[in-house]
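Colleague: predicted model, plus sequence, below.
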Amino acid sequence: MSNFITNGPTKNLLQRLEQLISCSKELKFLVGFFYFSGIKDLYKALHKNEDVIIRICVGLNVDTINYCLVECGESTKKLSKNDIINNYFESLKKSINSEEFDNKEFYQQITYFIQLLLNNRLIIRKTREPNHAKLYLFLLNESQAKQKILITGSSNLTRPGLVDQNEFNVEISDYGIEEAEKYFDTLWNSSILVTEENVRKNELLQILKHQTLIKEITPFEAYCLVLKAFLESYEINLSGEAVHKIFLSNNYVPYRYQLDAIGQALSIIEKHNGVILADVVGLGKTIIACAIAFMLKKRGIVICPPGLIGNDNKEMGWKKYLEDFRLYDWEVRSSGKLEEALEFVNQHNDIEVVIVDEAHRFRN
């Protein structure tokens, strides 16, 4: 059997860690950063071994750049112990409040990991200085032929490091293992306690329970949040005459639900730079979209199926609606010719708004 683990098609680090956890009494992990990403993949193996102790020494923090998690290893020489711990807690909060953890599986698992923390079976310390090393040391049960096994290499304790991406790790069970354990123990003894002091442990638990995606909310709190978001969407008032006037000038009835939708959409666009109109068939989404475009006072382009473009006399389709709402400088292009539409946008710097009709055709 090869001592190298590269996350190839037949062998990955997760599989090997699961095997070793099943027959270990203690785990000593030195990792770049730790935010439950990788350990949640070890949930089944840890759950089956009710006696194993997990010591995790964390060398780095994480930050978010362009919505991605990245390692952050700034010098901490001028920081106090509390500063280092607070930075780590903030790092942990950022990472858990990401899309990776927003799923039913993790919500179910986190209760188990919190119990590990409470029972002192999951012990976390933070290095005083940034450390990028990855070391997985297994102290095996007495019934095993070997007493210690070490895995070291490039893999962090994350899903990509354990399974998804190409890595290079080596498993060692003889020469150098005592020296590696001594290195870990020395670093462990000089690191800052995170979960072994009750004040910090409670602070960590409070962050997990109340400042992350796993926070439990009551049905009433959920209702209030939805109601708040709904009311905030009416911040833009359409009591002026402009929209009513353009509706009436084209013999459109300014229905209240359409005016409400226009106001909500403009409010959402102001906050998020885009909006989805998802009314059912027949409620006038095209009219609402044109009214929104009229209120934005910007030039744009409509991308729609070829059958909805309309004719050159502007008697039907999008060409008619753009004319009705005085969007004379707007363009209509076929969704079947996206490259041509993109070329047009690239050649005209004044195109600021894009309307995509039948947008469900573009879903993944």
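Modeller: Structure received. Numbers count the residues shown, from 1 in each chain.
Colleague: output the below-cut-off pLDDT ranges for the stretch 251-364 of the chain.
Modeller: Counting by pLDDT under 70, the low-confidence segments of the stretch 251-364 of the chain come to 364.
Colleague: ok, 90 please
Modeller: 251, 253-268, 270-272, 278-284, 312, 314-315, 359-364 (pLDDT under 90).
Colleague: ranges for the strands of it?
Modeller: Secondary structure of the stretch 251-364 of the chain, counting by DSSP state E, counting those that start in this stretch: strands at 300-304, 331-334, 353-356.
Colleague: now do the longest one: everything it contacts.
Modeller: Yep, that's strand 300-304 we're talking about. For strand 300-304, the external contacting residues (C-beta atoms under 8 Å, 6 or more residues apart in numbering) are 293, 318, 322, 327, 330-335, 338, 341, 344-345, 351-358. The C-beta positions use only the backbone N, C-alpha and C, and glycine is treated the same way.
Colleague: just so I know, which of the strands of the stretch 251-364 of the chain lies nearest His132?
Modeller: strand 353-356 (43.0 Å; C-beta to C-beta).
Colleague: these two touch, right, Thr152 and Gly176?
Modeller: No. With contacts counted by C-beta atoms under 8 Å, Thr152 stays clear of Gly176, the gap being 9.3 Å.
Colleague: those two: which is more packed in?
Modeller: Per other C-beta atoms under 10 Å, whichever of Thr152 and Gly176 has more neighbours is Thr152, with 17 against 12.
Colleague: which residue sits closest to that one, ignoring its sequence neighbours?
Modeller: In space, not counting the residues next to it along the chain, Thr152 is nearest to Leu135; the distance is 5.1 Å by C-beta to C-beta, 6 or more residues apart in numbering.
Colleague: OK, contacts around that neighbour?
Modeller: Under the criterion of C-beta under 8 Å, 6+ apart, the contact partners of Leu135 comprise 28-30, 150-152, 180, 183-184.
Colleague: which of the strands of the stretch 251-364 of the chain is buried the deepest?
Modeller: Relative to the other members of the strands of the stretch 251-364 of the chain, strand 300-304 carries the highest mean neighbour count by mean count of other C-beta atoms under 10 Å, namely a mean of 22.
Colleague: Arg299 versus the closest residue to Leu327 other than its chain neighbours, what's the distance?
Modeller: On the basis of C-beta to C-beta, 6+ apart, the spatially nearest residue to Leu327 that is not a chain neighbour turns out to be Ala293, at 5.7 Å. Noted for Ala293: a distance of 9 Å to Arg299, by C-beta to C-beta, to the nearest Å.
Colleague: pick out whichever of those two has more residues nearby.
Modeller: In this view Ala293 and Arg299 are compared by other C-beta under 10 Å, and Ala293 has more residues nearby, 21 against 17.
Colleague: burial count for Ala242?
Modeller: Using other C-beta under 10 Å: Ala242 sits among 11 other residues.
Colleague: in which helix or strand does it reside?
Modeller: Secondary-structure assignment from DSSP states H and E places Ala242 in helix 241-249.
Colleague: list the buried residues for that helix?
Modeller: Along helix 241-249, these residues count as buried under the neighbour rule (16 or more other C-beta atoms under 10 Å): 243, 246-247.
Colleague: Ile5: how many residues sit nearby?
Modeller: Taking other C-beta under 10 Å as the neighbour definition, Ile5 ends up with a count of 22.
Colleague: verify the contact between it and Thr152 for me.
Modeller: No. The pair Ile5 and Thr152 does not pass the contact test of C-beta under 8 Å, sitting 10.4 Å apart.
Colleague: tell me, what's touching those two both at once?
Modeller: Contact with both Ile5 and Thr152 is made by residues 169-170, according to C-beta under 8 Å, 6+ apart.
Colleague: mutual contacts of Ala293 and Arg299, please.
Modeller: 330, 353.
Colleague: tell me the phi and psi of the closest residue to Leu118 other than its chain neighbours?
Modeller: Closest residue to Leu118 apart from its sequence neighbours, by C-beta to C-beta, 6+ apart: Leu205 at 7.7 Å. Note on Leu205: its backbone torsions stand at phi -60, psi -40 [degrees, to the nearest 10].
Colleague: wait, Leu205 sits on Leu116?
Modeller: No. With contacts defined as C-beta under 8 Å, Leu205 does not count as touching Leu116, sitting 11.5 Å away.
Colleague: so the closest residue to Glu18 other than its chain neighbours is in which element?
Modeller: With C-beta to C-beta, 6+ apart as the criterion, Glu18 has its nearest non-adjacent residue at 4.1 Å, and that residue is Ala45. According to DSSP H and E, Ala45 maps onto helix 43-48.
Colleague: now do the helices in the stretch 51-200 of the chain.
Modeller: Counting by DSSP state H, counting those that start in this stretch, one finds helices in the stretch 51-200 of the chain at the ranges 81-96, 104-118, 159, 177-190, 198-210.
Colleague: got a markdown table for these, with mean pLDDT and mean neighbour count too?
Modeller: Putting the helices of the stretch 51-200 of the chain into a markdown table (pLDDT from 0 to 100; neighbours: other C-beta atoms under 10 Å) gives the following:
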| stretch | mean pLDDT | mean neighbour count |
| --- | --- | --- |
| helix 81-96 | 81 | 18 |
| helix 104-118 | 85 | 14 |
| helix 159 | 84 | 15 |
| helix 177-190 | 94 | 14 |
| helix 198-210 | 88 | 14 |
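Colleague: for Leu20, find the nearest of these.
Modeller: The closest of the helices of the stretch 51-200 of the chain to Leu20 is helix 177-190. By C-beta to C-beta, the value is 13.3 Å.
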